[in-house]
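Asks: Fold the stuff below for me.
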Amino acid sequence: MPAAASAAPVPTDSAPATASGSTPWGSHTGARRPPRPRRPVEAQVRPRTPEQLQADAIAEATRERARITARAAEIAQRHNVDASARWLGVQAQATLDPFVFLMAAETALDGATTEEQLQNVIRLADDAVLLAETPPILRIEPDQVERVRLQSEAIRTAVAKRRSAAERRAAQAQLQRRANRQLIAGGTLLTLAAAGVGMLAGGAVKHGRYHDRLADSTDTDYDVAAWEDYYDHGSRMIVAGTIIATAGVVIAAPLLTLGLRDRRKANETVDRLTFGVRPGLTNLTFVLRF
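Replies: Here you go, the predicted model:
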């Protein structure tokens, strides 16, 4: 006889089974499921905009310019202005910074004494404008281009004034040399004229002696031929002395006058008050000289 089915109930799980056949965590206990660990999200770096890159480049150029300025001042203090100008010229070529070119030009202008040095100053100022208008490397703000032009023009004006002053000094030196030659020649001729006056006076003395002797003596008291020669010699002295004195005075007087006039012109100051513009790194300085 077959066995009878068991009437006992079979326990069932109301929760569905998972894929692995196990029941979910806490289905019977009611506990909350812990959060799954999240994967770390990598920080996303946004690319910098052209404006930001431009601002960074200009800021770095400004800091580098400040370092160059301090170093140039130190070199000028330890050595001289010429050494500082040469060093700034090297730094200008290395950085291609218009303001460094202007610093080099200004420093070179302080020690420039020859035409070649003044030409070098002009070249540095022109290069600064060229680099500001067509920069191969960004070093300054666009609104600073006009400032570079103004400072470059101020340097050119200062060079022109320096050349004018040099030409004036050269002209004054030439005038001084000419005045010295005129005074020397005039003084020599004046001395010769004085000698002519002395010769004239000697001839006049001989004439006087001759006439005195002729009035106080008889025909047998003196040698007529000898006294006639004495008289003729005095006459020649008078003529020669008159010519020499007259020519000396006539020629010496204008020479001495011109020499004194040229010396006065050479020694006088043409410009007692001068107005100038001195360029700086970021500004212009107006200078009055008394």
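Asks: I'd like the next helix or strand past the longest helix that the chain contains.
Replies: When the chain is parsed with DSSP state H, its longest helix is helix 145-216. Next along the chain after helix 145-216, taking DSSP states H and E as the criterion, comes helix 224-267.
Asks: how about the nearest residue to residue 159, chain neighbours excluded?
Replies: Once flanking residues are discounted, residue 159 sits nearest to residue 118: 5.2 Å by C-beta to C-beta, 6 or more residues apart in numbering. The way it works is simple: take the backbone N, C-alpha and C, and place the C-beta from them, glycine included.
Asks: One more: residue 256?
Replies: residue 186 (3.7 Å).
Asks: Let me see the confidence value for residue 91.
Replies: On the pLDDT scale, residue 91 is placed at 90.
Asks: For it, grab the count of nearby residues.
Replies: Residue 91 has 20 neighbouring residues, counting by other C-beta atoms under 10 Å.
Asks: quick one, what contacts it?
Replies: 68, 72, 100, 104 (C-beta atoms under 8 Å, 6 or more residues apart in numbering).
Asks: Okay, buried residues for the strand or helix carrying it please.
Replies: Per DSSP H and E, residue 91 falls inside helix 81-95. Within helix 81-95, the residues scored as buried using 16 or more other C-beta atoms under 10 Å are 81, 84, 85, 87, 88, 89, 91, 92, 95.
Asks: Could you do stretch 123-131 as well?
Replies: For stretch 123-131, a neighbour-count test (16+ other C-beta under 10 Å) marks 124, 125, 127, 128, 129, 131 as buried.
Asks: what about the last one, which helix or strand?
Replies: Counting by DSSP H and E, the element that carries residue 131 is helix 115-133.
Asks: So which residues make contact with that helix?
Replies: The contact list for helix 115-133 (C-beta under 8 Å, 6+ apart) reads 89, 92, 96-99, 101-102, 104-105, 108-109, 111-112, 139-140, 144-145, 148-149, 151-152, 155-156, 159, 162-163.
Asks: hmm, which of those residues are the buried ones?
Replies: 89, 92, 96-99, 101-102, 104-105, 108-109, 112, 139-140, 145, 148-149, 151-152, 155-156, 159, 162.
Asks: what's the strand or helix carrying residue 99 packed up against?
Replies: Assigned by DSSP H and E, residue 99 belongs to helix 98-110. Judged by 3 or more C-beta pairs under 8 Å, 6 or more residues apart in numbering; DSSP states H and E, the packing partners of helix 98-110 are helix 50-78, helix 81-95, helix 115-133, helix 145-216, strand 274-279.
Asks: again, 7 Å this time
Replies: Under the contact definition 3 or more C-beta pairs under 7 Å, 6 or more residues apart in numbering; DSSP states H and E, helix 98-110 sits against helix 50-78, helix 81-95, helix 115-133, helix 145-216.
Asks: Off-centre distance for that helix?
Replies: Chain-centre distance of helix 98-110: 8 Å, with C-alpha atoms, centre = their mean, to the nearest Å.
Asks: Just give me the residue right at the centre of this protein.
Replies: Averaging the C-alpha coordinates of the chain gives a centre point, and the residue nearest to it by C-alpha atoms, centre = their mean is residue 109 (1.4 Å).
Asks: Hmm, it is touching residue 158, no?
Replies: Yes. Residue 109 is in contact with residue 158 according to C-beta atoms under 7 Å; the separation is 6.0 Å.
Asks: any idea which helix or strand carries residue 136?
Replies: Going by DSSP H and E, residue 136 is not in any helix or strand.
Asks: show me the contacts for it.
Replies: Residue 136 makes contact with residue 96, according to C-beta atoms under 7 Å, 6 or more residues apart in numbering.
Asks: could you measure it against residue 127, distance?
Replies: Distance, residue 136 to residue 127, using C-beta to C-beta, to the nearest Å: 12 Å.
Asks: With distance to residue 250 as extra columns, can I get the helices and strands packed on helix 98-110 in a markdown table?
Replies: Putting the helices and strands packed on helix 98-110 into a markdown table (distance: least, C-beta to C-beta, whole Å) gives the following:
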| stretch | distance to residue 250 |
| --- | --- |
| helix 50-78 | 60 |
| helix 81-95 | 54 |
| helix 115-133 | 44 |
| helix 145-216 | 9 |
